[in-house]
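Participant: got a structure for you, letters missing:
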């Protein structure tokens, strides 16, 4: 009974975070420190730092995996899955509504001109994310070279299949520098393969099912599951892959719709990966209201599930794995390649916009506000929307 009460309180705390955590993974983790370490003492500060570090080296949404891993530590897989649902549902619901609303406005031939300012603002957000990530992870000449090669490669070869290749190549390149990492005494690693087999098996199953049926919801599930399985670095790094696949490659969304959705997700609390619900809803607009709900649902399941399977798999033997120098060394290249793709994403997202003075100034102005002030992202987006309605 005591355990059940504790689990209920924990899930209530997760809901509080889901409704108040603005600002991306770094801000989310800061709030976790305040609520789950300082106030509730679910785990120690060192435990939270370590869990967050583990989630940063795994593909998938960092803050989502971190809060899910905390649930796993407290109550095992069942509580962890409930934690995932409580954390993602508010943001996913809001972004699903945003996607359906956008589709409805267009079907009624209603103007979406009120979004004209937040589209270049979205480019400013991505540009700032690129700078922020680069400053954090680019510390050597090798990382600079990988960043540049990744940026050039992702610009020249605009295929969703290029991104995982660039990430894996970056990690493999710096893995050769493992001798520069300190040697730690290692214990024998005991690996439980169940969740890895679940992750890989589902990957193969939906890919095969999508290839056979060609049914759009199944193909969407495969697209997002693949993205969630291969993206390192959080929501900002996911953006270039989504833009390439759903705007340039498959043309399910226009560039304007994508930019509007990305700007809107900055004003929504919770995980940035909830943006996928918006994309899923718009990708299924031809199937009516029910189809859009289904699109948002499969997109959300696809993007969140692989990271959950992987954190369940790795957390059981992380203590031993983190002592291997080659694992530590590969992170430099993975992070550098991811940073290069975010920088290119800002360029690709600006290209379809009219390159007039207004859009250029709004992009630069948004970047400057984010870089030199502490104005919260939701306030910036609301100002942009308000200006669009008025003007």
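Facilitator: Ah, there it is. Values in this document were obtained by computation on a predicted structure and should not be read as measured data.
Participant: which helices and strands does the helix or strand that contains residue 221 pack with?
Facilitator: Assigning secondary structure by DSSP states H and E places residue 221 in helix 216-230. If you count contacts as 3 or more Cβ pairs under 8 Å, 6 or more residues apart in numbering; DSSP states H and E, helix 216-230 packs onto helix 162-175, helix 194-213, helix 235-242, helix 275-283, helix 288-314. (C-beta placed from N, C-alpha, C; glycine too.)
Participant: what comes up buried for that helix?
Facilitator: Buried positions in helix 216-230, judged by neighbour count with 16 or more other Cβ atoms under 10 Å: 216-230.
Participant: One more: stretch 9-20?
Facilitator: 10, 11, 13, 14, 17, 18.
Participant: from the middle of its chain, how far away would it be?
Facilitator: Relative to its parent chain, stretch 9-20 has a centroid offset of 20 Å by Cα atoms, centre = their mean, to the nearest Å.
Participant: Residue 81 touches residue 309, doesn't it?
Facilitator: No - taking Cβ atoms under 8 Å as the definition, residue 81 is not a contact partner of residue 309, at 10.8 Å.
Participant: Mind checking which of those two has more residues around it?
Facilitator: Between residue 81 and residue 309, residue 309 has the larger neighbour count (other Cβ atoms under 10 Å), namely 23 against 15.
Participant: Give me the pLDDT value at that one.
Facilitator: We have a pLDDT of 89 for residue 309.
Participant: so who does it touch?
Facilitator: 195, 196, 198, 199, 202 (Cβ atoms under 8 Å, 6 or more residues apart in numbering).
Participant: same thing but 10 Å
Facilitator: The contact partners of residue 309, by Cβ atoms under 10 Å, 6 or more residues apart in numbering, come to 60, 194-203, 225, 228-229.
Participant: Export those as a markdown table, with columns for distance to residue 90 and pLDDT.
Facilitator: Formatted as a markdown table, the contacts of residue 309 follow (distance: Cβ to Cβ, whole Å; pLDDT from 0 to 100):
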| residue | distance to residue 90 | pLDDT |
| --- | --- | --- |
| 60 | 19 | 80 |
| 194 | 30 | 87 |
| 195 | 26 | 87 |
| 196 | 30 | 89 |
| 197 | 32 | 93 |
| 198 | 26 | 92 |
| 199 | 26 | 92 |
| 200 | 30 | 92 |
| 201 | 30 | 94 |
| 202 | 25 | 94 |
| 203 | 28 | 92 |
| 225 | 22 | 94 |
| 228 | 19 | 88 |
| 229 | 24 | 87 |
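Participant: In a markdown table, list those along with distance to residue 212.
Facilitator: Listed next are the contacts of residue 309 as a markdown table, based on distance: Cβ to Cβ, whole Å:
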| residue | distance to residue 212 |
| --- | --- |
| 60 | 27 |
| 194 | 27 |
| 195 | 26 |
| 196 | 25 |
| 197 | 22 |
| 198 | 21 |
| 199 | 21 |
| 200 | 19 |
| 201 | 16 |
| 202 | 16 |
| 203 | 15 |
| 225 | 16 |
| 228 | 22 |
| 229 | 20 |
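Participant: tell me which of these is nearest to residue 331?
Facilitator: Within these, the smallest distance to residue 331 is 15.1 Å, found for residue 60 (Cβ to Cβ).
Participant: In this structure the closest one contacts residue 312, no?
Facilitator: No - contact criterion Cβ atoms under 10 Å: residue 60 and residue 312 do not qualify, at 11.4 Å.
Participant: what about these two, which has more around it?
Facilitator: More neighbours surround residue 60 than the other of residue 60 and residue 312, with 27 against 23 (other Cβ under 10 Å).
Participant: tell me the contacts of the nearest residue to that one once chain neighbours are set aside?
Facilitator: In space, residue 60 comes closest to residue 307 once its chain neighbours are excluded; the distance is 2.2 Å by Cβ to Cβ, 6 or more residues apart in numbering. By Cβ under 10 Å, 6+ apart, the contact list for residue 307 reads 55, 58-62, 64-65, 68, 84, 199, 228-229, 231, 273.
Participant: Which members of those occur in helices, if any?
Facilitator: The members of the contacts of residue 307 that map onto helices under DSSP state H are 55, 62, 64, 65, 68, 84, 199, 228, 229.
Participant: Can you get me a residue count around the third one?
Facilitator: Which is residue 64. 30.
Participant: Would you mind measuring from it to residue 238?
Facilitator: Distance, residue 64 to residue 238, by Cβ to Cβ, to the nearest Å: 12 Å.
Participant: so the helix holding residue 221 versus helix 275-283, what angle?
Facilitator: Interaxial angle, helix 216-230 versus helix 275-283 (axes from the mean of the first three to the mean of the last three Cα atoms, to 10 degrees): 160 degrees.
Participant: between helix 216-230 and helix 194-213, how many degrees?
Facilitator: Using the same axes, to 10 degrees: helix 216-230 against helix 194-213 is 140 degrees.
Participant: relative to helix 235-242, how tilted is the helix or strand where residue 72 lies?
Facilitator: Assigned by DSSP H and E, residue 72 falls within helix 62-107. If you take the same axes, to 10 degrees, helix 62-107 sits at 50 degrees to helix 235-242.
Participant: what helices or strands is helix 62-107 leaning on?
Facilitator: Packed against helix 62-107, as judged by 3 or more Cβ pairs under 10 Å, 6 or more residues apart in numbering; DSSP states H and E, are the following elements: helix 2-20, helix 24-32, helix 45-57, helix 235-242, helix 255-265, helix 275-283, helix 288-314.
Participant: ok, now with 8 Å
Facilitator: Using 3+ Cβ pairs under 8 Å, 6+ apart, helix 62-107 is in contact with helix 2-20, helix 24-32, helix 45-57, helix 255-265, helix 275-283, helix 288-314.
Participant: residues of the fourth one that come out buried?
Facilitator: Of the residues in helix 255-265, those with enough neighbours to count as buried (16+ other Cβ under 10 Å) are 255, 256, 257, 258, 259, 260, 261, 262, 263, 264, 265.
Participant: what does the longest one give?
Facilitator: Counting neighbours by 16+ other Cβ under 10 Å, one finds that the buried residues in helix 288-314 are 291-314.
Participant: and residue 387, how many neighbours?
Facilitator: Neighbour tally, residue 387, other Cβ under 10 Å: 15.
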